[in-house]
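J.: Quick one, what's the 3D model for this:
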Amino acid sequence: MAIYLIVLMCTLNHAGFGGSRVAVSLYALELGANQFAIGVLMALYGLCPMLLAVSIGKLADRIGPRLPMLLGTTGISMALLLPPLFPGLVTLYISALLIGTSFHFFFIAVTGIAGGIGGVGNRVRNYMLVSLGFSGAGFLGPMAAGFSIDHLGHLPTFLLLASFPVIPLLLLCFRSGFLPPAGKREAADGQRNAFDLWRIPVLRNTFIASGIISSAWDLFQFYLPVYGYSIGLSASAIGAVLGVFALATFVIRTALPRLIAMAPEAAILTYAIFVAAIAFVLFPFFRNAYALAAIAFLLGLGCGCGQPLSMSLIYALSPQGRVAESTGLRVTVNNFAHLVIPLVFGSVGTVFGFFPVFVSNSAMLVAGGLLMRRNNAPRSGV
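T.: Just a heads-up that it's a prediction; the model follows:
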């Protein structure tokens with residue numbers, strides 16, 4: 001039962017988080033923001049997580065998951081209430097910063113505990129269920145945001161999204177007994193820092209692979225609304241395309257156990273990176289919503305492998321009592337990409353247009369895939 005309650009909380013919190021990215025970007029465009037300003041907004045989602053993720057992980061390892069999860073859930077809901085209360089572009093910057101930070105308090109704590117619920121034998125199943133919850137949220141959040149914007153307006157959409165974390169908040173306040181306690185740490189851990197984890201080769205390879213996939217995922221979430229807005233797609237159509245991407249991540253994650261039985265995780269991640277590269281190079285050639293949805297589905301198949309595989313590997317390969325800290329380091333790597341990529345590609349798009357954005361990101365993925373082919377990470381036993 002515990003893992004299913006955790007999946008429910010992940011789904012609802014991530015729906016608010018994912019929907020906010022659509023609502024924030026489209027509302028900013030409505031207020032007259034350019035591509036670079038949208039890039040700054042999306043980068044703010046990753047700024048504090050990049051700086052604080054390791055500390056959040058250490059906190060969760062030391063005191064247990066409940067308080068970080070409660071802080072994160074409360075922060076998401078409160079940040080989503082800010083734009084309706086104080087409309088304007090400046091509020092969106094504050095809201096984006098708070099939503100990104102709050103979500104990662106929740107996410108890091110969850111990732112650190114999910115693998116141990118029900119015993120080691122359930123680790124792969126647990127992370128698959130959690131990742132499926134995130135995929136479902138990736139479909140629910142953008143779809144809800146897109147249709148709500150078209151039928152209710154931008155500001156009521158933020159109120160709708162703020163309601164998603166209410167059930168997780170109630171569970172954490174009044175029914176948190178299903179959460180496991182803090183884990184035991186190795187005696188010498190107090191003398192260590194997160195860069196010790198980076199020096200573990202297989203963990204480092206996992207962090208790199210996760211960052212590569214995360215960069216593609218983040219650029220798509222950031223740039224698809226901007227591209228769709230520029231070619232005249234409605235908010236509902238943009239939300240639907242984002243929803244199809246999330247549906248594809250759900251599909252590929254249900255197939256992961258069979259894929260893992262056939263090939264090492266590193267090989268699966270390598271193939272996934274190349275699939276994502278192919279999808280990205282196709283985007284600027286199409287303006288029809290159905291064609292874009294088909295390409296988004298292909299991209300979702302490529303990106304969907306990254307999160308569950310990296311979460312499972314990190315849990316298996318981390319030193320005892322340092323799983324959440326390892327997760328924090330993974331989040332730091334990912335959010336470095338979240339910070340840099342929207343700024344870089346927002347600037348490129350403002351000056352040169354959309355085509356170089358998609359093609360250059362595809363080239364980056366190809367380079368990452370070629371690098372991953374040189375890794376010799378063993379199977380994790382998942």
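J.: so is the nearest residue to residue 299 once chain neighbours are set aside in a helix, a strand, or just coil?
T.: In space, residue 299 comes closest to residue 279 once its chain neighbours are excluded; the distance is 3.7 Å by C-beta to C-beta, 6 or more residues apart in numbering. C-beta: built from backbone N, CA, C; applies to glycine. Three-state call for residue 279 (DSSP: H, G, I helix; E, B strand; the rest coil): helix.
J.: burial count for residue 279?
T.: Using other C-beta atoms under 10 Å, residue 279 is surrounded by 26 other residues.
J.: What of residue 4?
T.: Residues contacting residue 4 under the criterion other C-beta under 10 Å number 11.
J.: Please apply the same query to the one 3 residues further on.
T.: The burial count assigned to residue 7 is 21, neighbours taken as other C-beta under 10 Å.
J.: can you pull the contacts of it?
T.: 129, 130, 132, 133 (C-beta atoms under 8 Å, 6 or more residues apart in numbering).
J.: From the residues you listed, pick the one nearest residue 8.
T.: Among those, residue 133 lies closest to residue 8 (C-beta to C-beta), at 7.3 Å.
J.: ok, back up a step: by neighbours, which of the contacts of residue 7 wins?
T.: residue 130 leads the contacts of residue 7 on contacts (other C-beta under 10 Å) with 27 neighbours.
J.: quick one on the thing from earlier: let's see which of the contacts of residue 7 end up in helices.
T.: 129, 130, 132, 133 (DSSP state H).
J.: Could you list the low-pLDDT ranges of the protein?
T.: Along the chain, segments meeting pLDDT under 70 span 115-116, 119-121, 182-194, 323-324, 337-354, 371-372, 374-382.
J.: can I get the ones in helices among the contacts of residue 7 in CSV with distance to residue 34?
T.: Formatted as CSV, those follow (distance: C-beta to C-beta, whole Å):
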residue, distance to residue 34
129, 41
130, 37
132, 37
133, 35
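J.: roughly how far apart are residue 18 and residue 12?
T.: Using C-beta to C-beta, to the nearest Å, one gets 11 Å for the distance from residue 18 to residue 12.
J.: For those two, list the residues in contact with both.
T.: Joint contacts of residue 18 and residue 12 (C-beta under 8 Å, 6+ apart) are residue 137.
J.: on that earlier part again, from the contacts of residue 7, pick the one nearest residue 314.
T.: Closest to residue 314, out of all of the contacts of residue 7 and judged by C-beta to C-beta, is residue 130, at 12.8 Å.
J.: Roughly how far does the closest one sit from residue 61?
T.: 18 Å.
J.: right, and the residue nearest to residue 299 touches residue 295 too?
T.: Yes - when contacts are counted by C-beta atoms under 8 Å, residue 279 is listed as touching residue 295 (5.4 Å).
J.: Quick check: residue 325 touching residue 56?
T.: No - judged on C-beta under 8 Å, residue 325 makes no contact with residue 56 at a distance of 9.1 Å.
J.: Looking at these two, which is more packed in?
T.: A side-by-side neighbour count of residue 325 and residue 56, using other C-beta under 10 Å, places residue 325 first with 31 against 28.
J.: contacting residues for the nearest residue to the more buried one once chain neighbours are set aside?
T.: Nearest non-adjacent residue to residue 325, counting by C-beta to C-beta, 6+ apart: residue 57, 4.0 Å away. Residue 57 makes contacts with 108, 112, 194, 324, 325, 326, 327, 328, 329, 331, as judged by C-beta under 8 Å, 6+ apart.
J.: Narrow the residues you listed to those in helices?
T.: 108, 112, 194, 324, 325, 326, 327, 328, 329, 331.
J.: Identify, from these, the entry nearest to residue 225.
T.: Closest approach to residue 225 among the ones in helices among the contacts of residue 57 (C-beta to C-beta): residue 331, at 23.3 Å.
J.: With residue 6 as the reference, measure out to residue 217.
T.: For residue 217, the distance to residue 6 - C-beta to C-beta - is 22 Å.
J.: Dihedrals phi and psi, residue 287?
T.: For residue 287, the backbone dihedrals are phi -130, psi -10 (criterion: degrees, to the nearest 10).
J.: and the nearest residue in space to it that is not next to it in sequence, backbone torsions?
T.: Spatial nearest neighbour of residue 287, chain neighbours left out: residue 231 (4.7 Å); criterion: C-beta to C-beta, 6+ apart. Dihedral pair for residue 231: phi -100, psi 10, per degrees, to the nearest 10.
J.: give me the number of residues near residue 231?
T.: 13.
J.: wait, isn't it in contact with residue 285?
T.: No - between residue 231 and residue 285 there is no contact, the gap being 12.0 Å when judged by C-beta under 8 Å.
J.: all strands of the stretch 51-200 of the chain, in order?
T.: Applying DSSP state E, counting those that start in this stretch to the stretch 51-200 of the chain gives no strands.
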